[in-house]
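1. have a look at this fold, sequence not included:
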Ligand SMILES: C[S@@+](CC[C@H](N)C(=O)[O-])C[C@H]1O[C@@H](n2cnc3c(N)ncnc32)[C@H](O)[C@@H]1O
């Protein structure tokens, strides 16, 4: 299967917007009103709200990059809560959903189309927070995402990321739909390499987004390798399906880009313990 993954997934997500997929549904006027009043919550994974203390106490004036987060959901909520939002996504129609809510509610946010692995349109240290809900399953390699997120964050800023537990990808998804756990694939799974094009098309349809599992080493180790310190972690269940009875499908992390004074404070300890 030779495909341009980014342009395939751009069209696939535009189509999901037309099909009113769950992840493309704009939030209501009432949710925005509540957010303007300080009552808001957002998700990185499934249906579980992100702990409030993963965000700064006040969002007013906080520069947030919403990374692969279009769809008229988290981005306008965080904007209504006072943050300066830059919404970055590969799907023009997902970004259009963000603009639709913003115009409906008199909010101002900036939208930028692109691939999450290349944030070169942004300068170093441009944001206070990067908000990245489950989406890295749509790219085959994720180290560039972590490295770019680290680069565009200011020291002391956080990356909040949601991603899939890779274990889910070992199962035959057709059998899983029938409530049976049949182990079929080795990890990491790839819609391009682990399954024939014909089988993939029969299973998902030729217009479905292409997905890729990633190892936990790539997800968690990758963030650490990029320079982050993981300071928060939770798992959450899939919204529906038999798998939710057995294991959490999603993982969320809060990762800190340390300020240089934090690093300085830690240096004497490292020296004392002879850590190189
Ligand atoms: C599951 S949706 C997440 C957004 C949603 N607001 C949520 O609640 O989680 C995944 C998003 O990733 C975006 N996406 C897929 N591939 C991408 C890429 N290479 N770069 C940037 N965004 C991408 C899709 O267009 C889609 O909007």
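-> Alright, I've got the coordinates. Not measured: the values here are computed from a predicted model.
2. which residue ranges of the stretch 1-150 of the chain form strands?
-> Secondary structure of the stretch 1-150 of the chain by DSSP state E, counting those that start in this stretch: the strands cover 43-45, 48-49, 63-67, 84-89, 109-113, 127-132.
3. repeat that for the stretch 151-276 of the chain.
-> Under DSSP E, counting those that start in this stretch, the stretch 151-276 of the chain gives strands at 153-164, 229-236, 250-256.
4. what residues does the protein have near the ligand?
-> Counting by CB under 6 Å from any ligand atom, the chain comes close to the ligand at 6, 9, 13, 23, 68-71, 73-74, 89-91, 94, 115-116, 133-135, 138-139. For glycine as for every other residue, the C-beta is placed from the backbone atoms N, C-alpha and C.
5. mind checking which of those residues are in helices?
-> Judged by DSSP state H, the residues of the chain next to the ligand include 6, 9, 13, 74, 94 as members of helices.
6. got the phi/psi numbers for the residue nearest to the third one when sequence neighbours are not counted?
-> Counting by CB to CB, 6 or more residues apart in numbering, residue 91 is the residue found nearest to residue 13 once chain neighbours are left out, at 3.6 Å. Backbone dihedrals for residue 91, given as degrees, to the nearest 10, come out at phi -110, psi 120.
7. could you pull up the residues touching residue 91?
-> Contact partners of residue 91, counting by CB atoms under 8 Å, 6 or more residues apart in numbering, are 9-10, 13-14, 17, 70, 113.
8. out of those, which comes closest to residue 34?
-> Ranked by distance to residue 34 (CB to CB), those are led by residue 70 at 21.3 Å.
9. mind putting the strands of the stretch 151-276 of the chain in CSV, mean neighbour count, distance to residue 195 and mean pLDDT included?
-> Shown next, in CSV, are the strands of the stretch 151-276 of the chain (neighbours: other CB atoms under 10 Å; distance: least, CB to CB, whole Å; pLDDT from 0 to 100):
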stretch, mean neighbour count, distance to residue 195, mean pLDDT
strand 153-164, 22, 17, 98
strand 229-236, 15, 26, 98
strand 250-256, 22, 22, 98
